[in-house]
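>>> Compute the structure for the input listed below.
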Amino acid sequence: YPPALLGQAQLAASQGDLPGALALAESALANSPTLADGWQVKGEILVAQGQIETALAAYRKALEVKPDRLTARYMIVTLLMRQGKTEEAGKEFAAMKKIAPNNAQTLYLQALLAYRDKDLAAARDAIQLHLKAAPGNLTGVLLGAQIDYQLQSYAMAETALDTVLQRAPKNVQARQLLVQTHLRKGRPGKALEVLQPLLQE
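Presented below is the predicted three-dimensional model:
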């Protein structure tokens, strides 16, 4: 039963057995090649294994089966950006925006693309809309902090970074940016205090 096999695949992946998880996902797809969830799960496992090109192919198969599947489109854009293929990522994002312009994932990518293009005003507007739609999303809060930092809105960046570290104290990116924020505000002692957990590790 393909959905049950996918459940087993996700469980195996969560336990660190990525080869076993991939085999289960492929078994589900062999029985049901038009199962969009199957291609999505396969893509997630391949990303975890660092097989980006193969993962992209899996996500594209998910879109062939279900063209309006936003999670697959989101991952395609994200992976293309990670590869530095900004033009291709932009085309995929344009397709995503046509389908769901006000979706939280769409707004996050809009902010991220604007941030990468150094259009900070547009990035700030998009991330604020994203955080209205998904206020608890730490990835969005962190991007908002990065944008505020670049805009020299250090107090707002500090508040956002404190929020991230309260919920994810091991987030290195947030901790490093908070150190830099304290330095910008002329507080080297506070910066060293925030840095201490990283030094201990």
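>>> list the buried ones in the helix or strand hosting residue 114?
Under the criterion DSSP states H and E, the helix or strand holding residue 114 is helix 104-116. By neighbour count on 16 or more other C-beta atoms under 10 Å, the buried set for helix 104-116 is 104-115. Any C-beta I mention is one placed from the backbone N, CA and C, and that applies to glycine too.
>>> Out of these, which comes closest to residue 17?
When the buried residues of helix 104-116 are ranked by distance to residue 17 (C-beta to C-beta), residue 105 comes first, at 28.3 Å.
>>> Need the pLDDT of the closest one.
On pLDDT, residue 105 comes in at 94.
>>> and what of residue 201?
You'll see residue 201 listed with a pLDDT of 82.
>>> roughly how far apart are it and residue 190?
19 Å (C-beta to C-beta, to the nearest Å).
>>> same question, residue 115
In terms of C-beta to C-beta, residue 115 sits 26 Å off from residue 190.
>>> returning to what we had before: put together TSV for the buried residues of helix 104-116, with distance to residue 95 on each row.
Output for those, formatted as TSV (distance: C-beta to C-beta, whole Å):
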residue	distance to residue 95
104	17
105	13
106	11
107	15
108	16
109	11
110	13
111	18
112	16
113	13
114	18
115	20
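>>> Let me know the closest of those to residue 4.
Nearest to residue 4 out of the buried residues of helix 104-116 is residue 105 (C-beta to C-beta; 27.6 Å).
>>> isn't the closest one right next to residue 72, touching?
No. Using C-beta atoms under 8 Å as the test, residue 105 is too far from residue 72 to be in contact (10.8 Å).
>>> show me where this structure has helices.
Remark: helices assigned in the chain by DSSP state H are 2-14, 18-31, 36-48, 52-65, 70-82, 86-99, 104-116, 120-133, 138-150, 154-167, 172-184, 188-200.
>>> Understood, closing this out.
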